[in-house]
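Student: Structure for this input, please:
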Amino acid sequence: MPIVTVKMLEGRDDEQKRALVEKVTAAVCETTNAPAERVSVVIEEMSPNNFGVAGTRASDK
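Tutor: Okay, here's the model as predicted:
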């Protein structure tokens, strides 16, 4: 039972998240031969205040 966690900054709408779940599921099914019913996708959203790259928070850009 593949479980995929996607961590991303908050701000995507429901349609974007729906498409992400569908495409990630399809990719996992294609590459692992797992049935779609067994693939779980978890989206974890972060505030830009809680994520940084190269010493700069995303909210400070």
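
Student: From residue 58, how far out is residue 34?
Tutor: Distance, residue 34 to residue 58, by Cβ to Cβ, to the nearest Å: 33 Å. From N, CA and C alone the C-beta is placed, and that goes for glycine too.

Student: Show me how far the strand or helix carrying residue 29 is from its chain's centre.
Tutor: Using DSSP states H and E, the secondary-structure element containing residue 29 is helix 14-32. What separates the centre of helix 14-32 from the centre of its chain is 9 Å, taken as Cα atoms, centre = their mean, to the nearest Å.

Student: what does stretch 39-53 give?
Tutor: 7 Å.

Student: still on that earlier bit, in its sheet, what does the helix or strand just after the helix holding residue 29 sit against?
Tutor: As assigned by DSSP H and E, the chain's next helix or strand after helix 14-32 is strand 40-46. Taking DSSP bridges as the criterion, strand 40-46 sits next to strand 3-9 (parallel) in its sheet.

Student: Please enumerate residues in contact with stretch 45-61?
Tutor: Contacts to stretch 45-61, defined as Cβ atoms under 8 Å, 6 or more residues apart in numbering, come from residues 7-10, 12.

Student: now those as a markdown table including pLDDT?
Tutor: Conversion of the contacts of stretch 45-61 to a markdown table gives the following (pLDDT from 0 to 100):
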| residue | pLDDT |
| --- | --- |
| 7 | 98 |
| 8 | 97 |
| 9 | 97 |
| 10 | 97 |
| 12 | 97 |
